[in-house]
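**Q** just to be clear, the model below is a prediction. Sequence and coordinates:
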Amino acid sequence: MLGQYEPGKAAALKAFQFNREAISARGLNDERLDQLVFDLLMGVR
């Protein structure tokens, strides 16, 4: 559990600078897995 809401934590998260280039460089491997699981559950594959 992450704990209770605190205004200081919310402000820190809002101020955090995410590195969008590094995040986008990881690719969509999880998305592909998610789509495969969905297809299997729906009987498409």
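**A** It's in. Residues are numbered from 1 along each chain as shown.
**Q** give me the next element, helix or strand, following the helix or strand hosting residue 11.
**A** Secondary structure here is read from DSSP states H and E; on that basis residue 11 sits in helix 7-15. Reading on from helix 7-15 to the C-terminus, the next helix or strand found by DSSP H and E is helix 20-25.
**Q** and the contacts of the helix holding residue 11?
**A** Here helix 7-15 makes contact (C-beta atoms under 8 Å, 6 or more residues apart in numbering) with residue 3. Bear in mind the C-beta positions are built from the backbone N, C-alpha and C, glycine included.
**Q** show the average pLDDT along that helix.
**A** With pLDDT averaged residue by residue, helix 7-15 scores 94.
**Q** then it to PDB, C-alphas only?
**A** Output of helix 7-15 as PDB, limited to C-alpha atoms (Å, rounded to 0.1, in the frame of the first residue of the first chain):
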ATOM      1  CA  PRO A   7      -0.800  17.200  -0.300                       C
ATOM      2  CA  GLY A   8       3.000  17.100  -0.300                       C
ATOM      3  CA  LYS A   9       3.100  13.800  -2.200                       C
ATOM      4  CA  ALA A  10       0.600  15.100  -4.700                       C
ATOM      5  CA  ALA A  11       2.600  18.200  -5.300                       C
ATOM      6  CA  ALA A  12       5.800  16.100  -5.700                       C
ATOM      7  CA  LEU A  13       4.100  13.900  -8.300                       C
ATOM      8  CA  LYS A  14       2.800  16.900 -10.200                       C
ATOM      9  CA  ALA A  15       6.300  18.500 -10.200                       C
END
